[in-house]
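Peer 1: model the structure of this input:
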Amino acid sequence: MSDPIRLAVIGMGKIAHDQHLPAIAANPDFELVATVSRSGEATDGLPFFKTIDELAASGVAVDAVALCTPPQVRRAIAMTAIAKGWHVFLEKPPGATLAEVVALCDAADAAGISLFASWHSRYAAGVEPARAWLADRTIAKATITWREDVRAWHPGQHWIWEPGGFGVFDPGINALSIATQILPHAFFVEQAELDVPANCAAPIAARVDFRDTQGTAIAMDLDFRQEGPQSWDIVVETDAGTLTLAKGGGELSLPDGETPVGTALHGEYPGLYARFAEIVRAGTSDVDIAPLRLVADAFLRGRHVQVEPFVE
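Peer 2: Here you go, the predicted model:
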């Protein structure tokens, strides 16, 4: 396939408008041919549909879809796309459960469809150089601090508090996508404490203790109640000094002002769409469930603490 990949975006919320549409417009490998949303209106005069079934019945020629819906409804939509022979880009998290994502992988493989579980934070500028620097270091300790104001970053997104909505792990899974990429050894949940508002089904804050296969402690602090400066930081103490990834992976600091080595990837969503085009043209899939598995384990091993109701 050398012609542009004809793409429909499904779920026209904030992330689609802020990130997906600009990245698609800037990538000559893609042609945006339609949008789908339960609410909203047409984008730039393109065909607009309320459901994927309306899109499928319309006759619009589609090669691939990008799913930007809440995770609770993503599996059913993706299965419809796979049945139509359309390649599928999944916004993070790739599904509401591990079993859903495995089922999608199996269906895509059986149909010869490319499935992409996207982790946009892995494409931040400092992540690949951080991975390269840590590859031959001995890790003493790692600390993950992801604290942001849910009212500023997720206004009106009630789905995030419902079962399958992840709560504070919706941004927290970004931190785990980076940590699983840069740390040289696999790690697992030892214990967790999840603060769940009395009127919600998902946590507003969490503290999780991990340990890697070498016995190294990794601590994560997530909070949706942060006011003032926001924190998206990973600090890794090593035998060669301390590495700091700040601003969600966008800013890397090494000991003694050392210059990073390794190639910084070309922007988060531009990087995702470059990768999606690559796997579609190669006829392969890219589905890493490690970040989702750690979130699932935190829920399984976590002690749930009821806190005061959330008021938007």
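Peer 1: so where's the stretch 1-150 of the chain shaky on pLDDT?
Peer 2: Within the stretch 1-150 of the chain, the set of residues satisfying pLDDT under 70 comprises 1.
Peer 1: swap the cut-off to 50 and go again
Peer 2: Within the stretch 1-150 of the chain, not a single segment meets pLDDT under 50.
Peer 1: residue boundaries of the strands in it?
Peer 2: With DSSP state E, counting those that start in this stretch, the ranges of strands along the stretch 1-150 of the chain come out as 5-10, 30-36, 48-49, 64-67, 87-90, 115-117, 139-147.
Peer 1: got a list of contacts for the third one?
Peer 2: Contacts with strand 48-49, where a contact means C-beta atoms under 8 Å, 6 or more residues apart in numbering, come from 34-37, 40-42, 55, 58. Every C-beta, even on glycine, is put in place using the N, C-alpha and C of the backbone.
Peer 1: go through those residues and name the one nearest residue 174.
Peer 2: When those are compared for distance to residue 174 (C-beta to C-beta), residue 37 wins out at 23.7 Å.
Peer 1: any idea how many residues pack against the closest one?
Peer 2: With neighbours defined by other C-beta atoms under 10 Å, the count for residue 37 comes to 20.
Peer 1: give the contact list for the closest residue in space to it that isn't next to it in sequence.
Peer 2: Among residues not flanking residue 37 along the chain, residue 12 sits closest, at 3.8 Å (C-beta to C-beta, 6 or more residues apart in numbering). Going by C-beta under 8 Å, 6+ apart, residue 12 touches 35-37, 40, 43, 68.
Peer 1: mind doing that once more with 6 Å?
Peer 2: With contacts taken as C-beta atoms under 6 Å, 6 or more residues apart in numbering, residue 12 has the following neighbours: 35, 37, 40.
Peer 1: for residue 272, see how far away the second one is.
Peer 2: Here residue 37 is placed at a distance of 20 Å from residue 272 (C-beta to C-beta, to the nearest Å).
Peer 1: how many residues are close by residue 51?
Peer 2: Other residues close to residue 51 by other C-beta under 10 Å number 14.
Peer 1: just to revisit the earlier point, mind putting the strands of the stretch 1-150 of the chain in CSV, distance to residue 290 and mean neighbour count included?
Peer 2: Formatted as CSV, the strands of the stretch 1-150 of the chain follow (distance: least, C-beta to C-beta, whole Å; neighbours: other C-beta atoms under 10 Å):
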stretch, distance to residue 290, mean neighbour count
strand 5-10, 25, 24
strand 30-36, 27, 21
strand 48-49, 34, 18
strand 64-67, 20, 26
strand 87-90, 15, 26
strand 115-117, 10, 24
strand 139-147, 15, 19
